[in-house]
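Peer 1: please find the sequence and the predicted model below.
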Amino acid sequence: MRRYFPVVWLTLAAATSAQVSRDAVLAKMDDSAASFRSLTGKIRKLTHTAVINDDSTESGTVCLKRQGKGELHLLVEIGGQDPKSYSLRGRKAEIFYPKIQTVQEYNLGQQGQLLDQFLLLGFGTPTREMLRSYTLRVQDEETVAGEKTVRVELVPKASKVRQHLSKAELWISLADGHTVQQKFYEPSGDYRLATYSEIKWNPSLPDSALALKLPANVKREFPQR
């Protein structure tokens, strides 16, 4: 699932902080989930590969929009020396490499459903739904990207989900309950850490704002075929 989505993966939990109770954290998360429709901002992603103990980072912008019940539209545009753009819409994922004017298209199938589930954990899923599928623990308070947060841990209950995600963590803003950072752990020991900044919550986003900016002569590839 790594090549489909660099963007973001998530976490939640039960409270052990003297300042913030578990119920208060869950209430803030539920308020945020109830009002969530979309976001834009900056994203920094760190990918850790355990077998070689290597970290790679990339930064860019993110647009995310909830489309109906349980589906997200996502666009991540990465800059730097190796620019690329990632798009998720329904069960289709696309990765555009501007240096070689090529877009790769993937049919995610059941993995697409898992991606939606993981992403919605941080953006728009009520805690009552999380508690059905995850063991939730609220952990320590931490400052992330200049914001006071509380770290929440989620461990999947279903063995099928644990094949892809052994644990997730979310850093929840104590000010408004929004997700500031996500960390997704794989059974291999690999993990992805996504940190969000300069976020605008619930902007009006037309579908065109989440579409890849492709040149007319782009080459299209289908690696699964």
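Peer 2: Structure received.

Peer 1: could you list the low-pLDDT ranges of this protein?
Peer 2: 1-20, 69-70, 110-120 (pLDDT under 70).

Peer 1: mind listing the helices for it?
Peer 2: Per DSSP state H, the chain carries helices over the ranges 22-35, 110-122, 127-133, 159-162.

Peer 1: so for Thr61, which of the ones you listed sits nearest?
Peer 2: Set against Thr61 and scored by C-beta to C-beta, the helices of the chain come closest in helix 110-122, at 16.4 Å. In this view, the C-beta of every residue, glycine as well, is placed from N, C-alpha and C.

Peer 1: follow-up on the earlier one: mean neighbour count, the helices of the chain: which tops it?
Peer 2: helix 110-122 (a mean of 20; mean count of other C-beta atoms under 10 Å).

Peer 1: picking up where we left off before, so which of the helices of the chain gets nearest Thr179?
Peer 2: helix 110-122 (4.0 Å).

Peer 1: related to what we said a few turns ago, among the helices of the chain, which comes closest to Leu193?
Peer 2: helix 110-122 (12.7 Å).

Peer 1: quick one on the thing from earlier: could you point out which of the helices of the chain sits nearest Arg220?
Peer 2: helix 110-122 (19.1 Å).

Peer 1: follow-up on the earlier one: tabulate the helices of the chain (a markdown table), appending distance to Pro223.
Peer 2: Formatted as a markdown table, the helices of the chain follow (distance: least, C-beta to C-beta, whole Å):
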| stretch | distance to Pro223 |
| --- | --- |
| helix 22-35 | 35 |
| helix 110-122 | 14 |
| helix 127-133 | 30 |
| helix 159-162 | 25 |
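
Peer 1: looking at these, spot the one closest to Lys42.
Peer 2: For Lys42, the closest of the helices of the chain is helix 110-122, at 15.8 Å, according to C-beta to C-beta.

Peer 1: excluding chain neighbours, what is closest to Arg192?
Peer 2: Distance criterion C-beta to C-beta, 6 or more residues apart in numbering; nearest residue to Arg192, sequence neighbours excluded, is Phe184 at 5.0 Å.

Peer 1: quick revisit: among the helices of the chain, which is nearest Asp140?
Peer 2: Per C-beta to C-beta, nearest to Asp140 of the helices of the chain: helix 22-35, 11.7 Å.

Peer 1: could you list every helix and strand that that closest one packs against?
Peer 2: If you count contacts as 3 or more C-beta pairs under 8 Å, 6 or more residues apart in numbering; DSSP states H and E, helix 22-35 packs onto helix 127-133, strand 134-144, strand 147-156, strand 167-173.

Peer 1: now, of these, which is deepest in the fold?
Peer 2: Most buried of these by mean neighbour count (mean count of other C-beta under 10 Å) is strand 167-173; its value is a mean of 24.

Peer 1: report the distance from that one to the chain centre.
Peer 2: From the chain centre to the centre of strand 167-173 is a distance of 10 Å (C-alpha atoms, centre = their mean, to the nearest Å).

Peer 1: that one vs strand 147-156, what angle?
Peer 2: 150 degrees (axes from the mean of the first three to the mean of the last three C-alpha atoms, to 10 degrees).
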